[in-house]
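Novice: Structure of the sequence below:
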Amino acid sequence: MTQQATIVAQMRQLIQILAQHNHAYYVMDQPSISDSEYDQLFHQLKALEAQYPELIQEDTITDRVGGEALSKFETVVHSVPMLSLSNVFDKNELIDFDRKVKDRLKREDITYDIELKLDGLAISLLYEDGKFVRGVTRGDGEKGEDITQNLKRILNLPINLYESKSFDIPIESIPKILEVRGEVVIPIAGFKKLNIEQKKKGEKPFANPRNAAAGSLRQLDPKVVRRRRLAFYAYSIARCVPKNNITSMSESLDWLEKLGFHITKHDVLDNIESIQNRYEQLILERPNLTVEIDGMVIKVDNLLLQERLGFISREPRWATAYKLPAISAITTVENIDWQVGRTGALTPVARLHPVAVGGVTVSNVTLHNIGEIQRLDVRVGDRVSVYRSGDVIPKVEKVWPEFRLVDAQEVTLPAQCPVCASPVVMPEGEALARCSGGLYCAAQRIEAIRHFVSRKALDIEGLGDRWVESLLHLDLLKDVADIYHLHEHRETLLSIEKMGEKSVQNLMDSIEKSKKTTLAAFIYALGIRGVGETTARMLANNFQSLDALQTADLEALKKTPDVGDITAEWILDFFQAPHNLEVVQRLIDAGVHWDAPIAPTRQPFNGESWVVTGTLSSMGRDEATQFLQALGARVSGSVSSKTKCLVAGEKPGSKLDKAQKLGIQILDEAQFIALMKAHGQIED
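Specialist: Down below sits the predicted model:
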């Protein structure tokens with residue numbers, strides 16, 4: 001394909017896509033992309049046309065404003081066309097706009113009227129002898145839809161200027177014919193309430209406030225408009241007969257306000273720095289505004305100078321919209337990598353061609369999990385829309401299949417961990433895939449060590465986060481088994497800042513002491529997903545040896561109390577990973593050992609769910625839990641209909657209330673102690 005043919009194909013593709021979205025936005029009131037995304041595509045087409053003017057297509061839409069009017073309303077031709085605005089997106093483009101204005105006028109003393117750019121539906125209102133007679137949508141800019149009856153239901157829209165005007169406007173100053181342009185919006189709070197109502201009625205929620213306002217105005221039943229509490233804000237005068245003596249845009253807005261129209265806050269500024277400062281202030285104000293905006297409008301304030309500047313095909317030369325940082329933008333996925341978190345979860349990350357979104361440059365976006373990739377059907381090389389609002393983490397909101405490469409491959413879950421090459425597993429019903437090399441995987445190293453040395457696991461005192469970080473930095477801890485070889489690096493340990501002889505010796509003593517443990521504590525220390533203290537105790541009691549547990553099949557694991565289907569799969573996957581088995585063996589070889597568990601001969605509470613709450617004066621809740629587990633009970637953290645008994649200490653809180661409501665047996669501390677003595681857990 002020749003370069004010319006390639007450029008034409010790009011133009012045709014953009015024209016077709018823009019036309020589809022134009023129709024959805026203006027005609028169907030069902031916008032399929034954001035304004036910022038539309039602007040990007042539009043400017044891509046304009047840039048191509050500027051570079052290759054000889055290839056401009058006859059049906060280009062860069063000189064058109066909107067879509068066709070809907071046939072269900074009467075079509076009205078605008079007396080003065082309703083045009084669009086050009087856009088600027090940064091200070092340099094703002095400076096360029098200002099320079100063009102000054103060059104055309106051959107003067108430097110230009111003041112600008114600065115207004116909020118509301119994200120609503122543009123409307124033209126006609127008043128004759130002070131009375132509202134007709135309201136028309138922008139439509140395609142040349143003609144729009146007559147929605148007069150619906151507009152009359154907007155409570156802040158003046159119907160009779162003689163009744164709504166301020167007292168300092170003489171009656172004789174109200175013109176015979178007045179055409180006012182403005183924006184109909186729905187406040188953010190009203191929009192949220194409307195969507196709640198839509199969902200309750202089983203109807204589709206609106207995509208955004210602009211969509212809600214437009215959809216409301218096109219309802220055949222005018223009563224709907226009043227219920228939805230729309231608002232009208234005026235922004236200009238299209239016609240005034242006879243003409244008034246107003247000479248500036250800012251004066252005309254103030255005059256409209258005195259006539260009873262609502263206007264947005266506006267400023268008159270005379271230099272680029274002050275305009276830029278106002279823009280940056282608006283970015284900070286945006287989250288707290290009551291209506292949606294997407295920028296501010298900059299207009300030459302002097303009306304005579306506006307006339308001198310005139311128009312180009314679709315927009316005035318004397319005004320532009322300074323768009324706020326886009327909350328969505330279109331870019332390309334250059335690659336998709338898989339990152340492994342501290343818990344072994346695999347997270348896909350899209351590497352993007354850098355793009356400005358919401359005031360920051362975004363080059364990486366998380367895709368969360370394989371399910372999200374499949375839902376979006378995102379592939380390497382795809383064009384995507386990236387969304388970011390405020391402090392929200394950027395996300396891929398949409399994929400553009402129209403731009404997809406022919407040979408784009410679907411993304412699949414890797415079979416092996418990209419960090420340690422252990423098998424990747426994803427139990428049925430789980431959204432996240434995980435690396436099975438928990439003890440070996442470098443990505444999970446810190447979390448694995450922190451868990452292994454914790455009090456309820458191997459209980460190695462002194463090996464806190466500061467020590468661990470230093471040892472990792474010195475490359476002395478590749479996995480938990482290396483803890484038992486730290487004595488070989490005593491001189492290196494002594495060289496660590498604030499680690500003296502006493503600290504090192506205390507650590508060595510604690511490590512040596514930890515070698516004598518229990519099978520339950522050892523199983524818990526391995527950090528197998530889903531295996532907490534109780535489950536580890538059940539596994540130790542059930543299998544009696546580490547060898548039996550390591551070689552157990554899925555069915556044997558499922559027969560263990562407190563082990564469900566998913567946890568059984570996690571246990572099986574852990575002991576099937578060669579790297580994990582290697583670390584476990586190194587721990588045994590280093591001297592970690594335990595006595596064979598004594599199988600409980602009497603478990604009267606087997607399978608029962610107990611809850612311990614409040615403060616026990618004679619023992620801690622952990623000790624009470626151990627007594628119950630030794631008798632076969634499963635100790636839960638919450639009360640439910642399945643709870644057998646609640647042990648209530650002092651200040652038990654809501655759990656006691658819930659147990660009483662459910663009629664569950666309740667024991668105070670004295671009753672619990674008596675029960676434990678009766679079962680041999682506490683000596684008389």
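Novice: Can you name every helix or strand that the helix or strand that Asn87 is a member of contacts?
Specialist: Taking DSSP states H and E as the criterion, Asn87 maps to strand 86-88. If you count contacts as 3 or more Cβ pairs under 8 Å, 6 or more residues apart in numbering; DSSP states H and E, strand 86-88 packs onto helix 91-105, strand 319-323. Placement of C-beta: from N, CA and C, glycine included.
Novice: give me every residue that touches the closest residue to Gln550 other than its chain neighbours.
Specialist: Spatial nearest neighbour of Gln550, excluding adjacent residues (Cβ to Cβ, 6 or more residues apart in numbering): Phe575 at 4.7 Å. Neighbour list for Phe575: 549-552, 581 [criterion: Cβ atoms under 8 Å, 6 or more residues apart in numbering].
Novice: Return the subset of the residues you listed lying in helices.
Specialist: 549-550, 581 (DSSP state H).
Novice: Of those, just say which sits nearest to Cys420.
Specialist: Lowest distance from Cys420 to these (Cβ to Cβ) belongs to Leu581, with 13.6 Å.
Novice: For stretch 559-571, measure first residue to last.
Specialist: 13 Å (Cα to Cα, to the nearest Å).
Novice: Just grab the bridge partners of Ile293 for me.
Specialist: Taking DSSP bridges, one obtains Leu118 as the residues bridged to Ile293.
Novice: wait, doesn't it sit right on Glu183?
Specialist: No. The pair Ile293 / Glu183 is not scored as a contact, 10.0 Å apart, by Cβ atoms under 8 Å.
Novice: list the residues that contact both of those two?
Specialist: Joint contacts of Ile293 and Glu183 (Cβ under 8 Å, 6+ apart) are Leu118.
Novice: which of these two has more neighbours?
Specialist: Set Ile293 next to Glu183 and count neighbours by other Cβ atoms under 10 Å: Glu183 wins out with 22 against 19.
Novice: ok, what's across the strand from that one?
Specialist: Beta-bridge partners, per DSSP bridges, of Glu183: Ala122, Tyr233.
Novice: next one: Thr517
Specialist: Trp594.
Novice: how many neighbours does it have?
Specialist: Counted with other Cβ under 10 Å, Thr517 comes out at 18.
Novice: From Glu683, how far off is it?
Specialist: 25 Å (Cβ to Cβ, to the nearest Å).
Novice: Near Ala525, how many other residues are there?
Specialist: Residues near Ala525, counting by other Cβ under 10 Å: 25.
Novice: quick one: strands adjacent to the strand holding Asn87?
Specialist: strand 319-323 (parallel).
Novice: how about the helices and strands packed on strand 86-88, which one is nearest Asn271?
Specialist: Of the helices and strands packed on strand 86-88, the one closest to Asn271 (Cβ to Cβ) turns out to be helix 91-105, at 8.8 Å.
Novice: The helix or strand of the chain with the lowest mean pLDDT packs against which elements?
Specialist: Lowest on mean pLDDT, DSSP states H and E among the helices and strands of the chain sits helix 223-227, with a mean of 72. Applying 3+ Cβ pairs under 8 Å, 6+ apart, we find helix 223-227 packed against helix 209-217.
Novice: and the helix it packs on, C-alpha only, in CSV?
Specialist: The C-alpha coordinates for helix 209-217 follow below in CSV (Å, rounded to 0.1, in the frame of the first residue of the first chain):
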residue,chain,number,x,y,z
PRO,A,209,-25.0,14.1,33.7
ARG,A,210,-24.9,15.4,30.2
ASN,A,211,-26.6,12.3,28.9
ALA,A,212,-29.2,12.5,31.7
ALA,A,213,-30.0,16.2,30.8
ALA,A,214,-30.3,15.5,27.1
GLY,A,215,-32.4,12.4,27.7
SER,A,216,-34.7,14.3,30.0
LEU,A,217,-35.2,17.1,27.5
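Novice: And the average pLDDT for that helix is what?
Specialist: With pLDDT averaged residue by residue, helix 209-217 scores 83.
Novice: which residues are in contact with that helix?
Specialist: Contacts of helix 209-217 (Cβ under 8 Å, 6+ apart): 29-31, 119-121, 123, 137, 147, 150-151, 184-188, 191, 194-195, 206, 224-225, 228, 230, 291-292.
Novice: and the helix or strand harbouring Lys502, how far out from the chain's middle?
Specialist: Per DSSP H and E, Lys502 falls inside helix 501-514. Its chain's average C-alpha position is 46 Å from that of helix 501-514, according to Cα atoms, centre = their mean, to the nearest Å.
Novice: In that helix, which residues have enough neighbours to count as buried?
Specialist: Neighbour-count burial for helix 501-514, with 16 or more other Cβ atoms under 10 Å as criterion, is recorded at 504, 507, 510-511, 514.
Novice: now stretch 221-237
Specialist: Quick answer for stretch 221-237 (16+ other Cβ under 10 Å): 224-225, 228-237.
Novice: go on, stretch 432-447?
Specialist: 432-441, 443-445, 447.
Novice: and if you look at stretch 397-408?
Specialist: Buried-residue list, stretch 397-408, by 16+ other Cβ under 10 Å: 397-400, 403, 408.
Novice: Touching it from outside, list them.
Specialist: Counting by Cβ under 8 Å, 6+ apart, 13, 17, 33, 328, 330, 376-387 sit against stretch 397-408.
Novice: end to end, how far does it reach?
Specialist: Across stretch 397-408, the terminal residues are separated by 19 Å (Cα to Cα).
Novice: just to revisit the earlier point, and the helices and strands packed on strand 86-88: which comes nearest Asn302?
Specialist: Using Cβ to Cβ, the helices and strands packed on strand 86-88 put helix 91-105 closest to Asn302, at 9.3 Å.
Novice: Start from the N-terminal end of the stretch 101-250 of the chain and give the strands.
Specialist: 112-118, 121-128, 131-137, 143-145, 177-185, 231-241 (DSSP state E, counting those that start in this stretch).
Novice: related to what we said a few turns ago, may I see the helices and strands packed on strand 86-88 organised as JSON lines, with mean neighbour count, distance to Lys559 and mean pLDDT added?
Specialist: Listed next are the helices and strands packed on strand 86-88 as JSON lines, based on neighbours: other Cβ atoms under 10 Å; distance: least, Cβ to Cβ, whole Å; pLDDT from 0 to 100:
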{"stretch": "helix 91-105", "mean neighbour count": "15", "distance to Lys559": "69", "mean pLDDT": "95"}
{"stretch": "strand 319-323", "mean neighbour count": "23", "distance to Lys559": "63", "mean pLDDT": "94"}
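Novice: Please enumerate the helices of the stretch 501-650 of the chain.
Specialist: 501-514, 519-525, 533-543, 546-550, 554-558, 565-576, 578-589, 621-630 (DSSP state H, counting those that start in this stretch).
Novice: number of nearby residues for the nearest residue to Ile95 once chain neighbours are set aside?
Specialist: Distances taken as Cβ to Cβ, 6+ apart place Ile272 nearest to Ile95, at 5.8 Å, with adjacent residues excluded. The local packing of Ile272 (other Cβ under 10 Å) involves 15 other residues.
Novice: Check the one 10 residues further on too.
Specialist: Applying the criterion other Cβ under 10 Å, we find 18 residues in the vicinity of Leu282.
Novice: got any ranges where the stretch 301-450 of the chain has weak pLDDT?
Specialist: 326, 358-359, 389-392 (pLDDT under 70).
Novice: and Leu324, what does it touch?
Specialist: 279, 282-283, 286, 293-296.
Novice: circling back: sitting in helices, which of the buried residues of stretch 432-447 do you find?
Specialist: 445, 447.
Novice: The buried residues of stretch 432-447 into CSV, with extra columns for distance to Ala633?
Specialist: Putting these into CSV (distance: Cβ to Cβ, whole Å) gives the following:
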residue, distance to Ala633
Leu432, 31
Ala433, 34
Arg434, 30
Cys435, 34
Ser436, 31
Gly437, 34
Gly438, 28
Leu439, 30
Tyr440, 35
Cys441, 35
Ala443, 37
Gln444, 32
Arg445, 35
Glu447, 30
